[in-house]
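> sequence first, then the predicted structure, then my questions.
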Amino acid sequence: MKLLIFQKKSNRISWKLELAAFLCLVLALWIFCSFFTKLFLPKRHHLGATWDMYALEEQDSVDVLFFGSSLVYCDVVPAVIYEESEIPCYVMAGPAQTLPVTYRYLRESCKTQSPTTVFIECTGLVYGREKNSLKANLTYMPYDMERLIPTVELTSGDTRKGLLFPLYAYHDRWDKLEPEDWQPYEPDPLAGYTVLDEVCPVQGFTSREVPEAVWNDPENYARNLEYARKMLDFCRKRDIRAVFYITPTLYRLDEDCQRRIAGDIAAMGGELVDFCEVFDELGLDLGTDFRDKQHLNALGAEKFSRYLGRNMTKWAQPRAAADPDLWRSRAEHFAGLREKAAEKISETLAKEKENKGGEDS
């Protein structure tokens, strides 16, 4: 009898030891994968999806967040807005970002910040079922449900495998690693903005062809609109002011589409600001301030951001305990990059003028 009891106790101890050993193995494997995933993943310091740098912002130190596509991270300079308003802002956008992904960005961003206002660039409503940008938009997000849900819902094949198991996508970078891959991230000196120093002189305004997602794919437009509604609901529950906006651009949506978007957002009780309507007030120079008909370069982005800063109190009030030294350094950093961009743009325009003169002669 005593021997039987002893055997039962031994079995229980053995089972617990095996479970503990299994859990230790799982933990070790998770630590191993996490370390090498971070190491093999290419560093991302610009062009949106800069999650690792965003995570270094002091908690609840940002009043305003900007979301959307490259029309946001190329056009909005938080340091310039702060100079004008003393309201700390941050850009959490991603390339060709569709609204289902923007919704996840909004939810994830608000886990570490408590913004009073969010700006959502809403031409994403007319984006099609974009596949190519999902990898860049989702890869750098924290590995939680806000990343996993769109990974399962929106991706497939190798893209899904790479997002679920990042080492699957980046394991072959072991011979491409550089010293900077071993360095930890530091706070983003541009707060999510990406400097463009190219220039493309333009003659005037154009209109886009009828957006496919609106007329030819009404189901996709309806889906995008539903995610706009979800963002509004999320913001209302958190007492956040949600401002949908259209960036100042020369490549504009046609009038029917603009009316459709404005009507649909209004029907949801949303707020829409079309900055194309105040284009003349921005002081943009068609000869120097555009990288192309959609994106502003550093000169144009500064002008648009100063306008935003001067008017930001229409939408938000300074509340967060921002670090003035940090924002002063960000303003100085941008000023230096802006001067370099101005020099490069001037040189480019001078060369183009010289080449044109040679052709004319």
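Thanks, I have it. Numbering: from 1, shown residues only.

> can you map out the strands along the stretch 151-300 of the chain?
For the stretch 151-300 of the chain, the strands defined by DSSP state E, counting those that start in this stretch cover 206-207, 241-246, 251-252, 271-274.

> may I see these organised as TSV, with mean neighbour count, distance to R104 and mean pLDDT added?
C-beta here means a position set from N, CA and C on the backbone, and glycine is covered the same way. Output for the strands of the stretch 151-300 of the chain, formatted as TSV (neighbours: other C-beta atoms under 10 Å; distance: least, C-beta to C-beta, whole Å; pLDDT from 0 to 100):
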stretch	mean neighbour count	distance to R104	mean pLDDT
strand 206-207	12	31	82
strand 241-246	22	15	98
strand 251-252	18	27	88
strand 271-274	16	22	97
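
> which among these is found nearest to F66?
With C-beta to C-beta as the measure, strand 241-246 is the member of these nearest F66 (9.1 Å).

> which residues touch the closest one?
Strand 241-246 has contacts (C-beta atoms under 8 Å, 6 or more residues apart in numbering) with 116-123, 228, 231-232, 235-236, 253, 258, 261, 265, 270-276, 315-316.

> one step back: which one, of the strands of the stretch 151-300 of the chain, ends up nearest to K111?
Of the strands of the stretch 151-300 of the chain, nearest to K111 by C-beta to C-beta is strand 241-246, at 17.3 Å.

> which strands border that closest one, and is each parallel or antiparallel?
Using DSSP bridges, the strands paired with strand 241-246 are strand 117-121 (parallel), strand 271-274 (parallel).

> what's in contact with the first one?
Applying C-beta under 8 Å, 6+ apart, the contact partners of strand 117-121 are 63-69, 71-72, 76, 93, 102, 106, 228, 231, 235, 240-247, 315-316.

> what do you get if the cut-off is 7 Å, keeping everything else the same?
Strand 117-121 is contacted by residues 63-69, 71-72, 102, 106, 231, 235, 240-245, 247, 315-316 when judged by C-beta atoms under 7 Å, 6 or more residues apart in numbering.

> the residue lying closest to D188 once chain neighbours are set aside: neighbour count?
Excluding the flanking residues, the one nearest D188 by C-beta to C-beta, 6 or more residues apart in numbering is M53, at 3.8 Å. Other residues near M53 come to 21 when the count uses other C-beta atoms under 10 Å.

> want to throw the strands paired with strand 241-246 into JSON lines with distance to A350?
Formatted as JSON lines, the strands paired with strand 241-246 follow (distance: least, C-beta to C-beta, whole Å):
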{"stretch": "strand 117-121", "distance to A350": "33"}
{"stretch": "strand 271-274", "distance to A350": "35"}
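
> these: which one's closest to E354?
strand 117-121 (37.1 Å).

> on that earlier part again, show the buried residues in the contacts of strand 241-246.
Among those, the ones that count as buried by 16 or more other C-beta atoms under 10 Å are 116-123, 228, 231-232, 235, 253, 258, 261, 265, 270, 272-276, 315-316.

> gap between F244 and H295?
According to C-beta to C-beta, to the nearest Å, F244 stands 19 Å off from H295.

> try Q59
Counting by C-beta to C-beta, the gap from Q59 to H295 is 32 Å.

> low-confidence stretches in this protein?
Low-confidence segments of the chain (pLDDT under 70): 1-40, 130-131, 167-177, 181, 357-361.

> got a list of what the residue nearest the centre of it touches?
Nearest to the geometric centre of the chain sits A93, at 1.3 Å (C-alpha atoms, centre = their mean). Applying C-beta under 7 Å, 6+ apart, we find A93 in contact with 48, 66-69, 72-73, 192.

> my guess is R208 meets D254, correct?
Yes - the criterion here is C-beta atoms under 7 Å, and R208 meets it with D254 at 6.3 Å.
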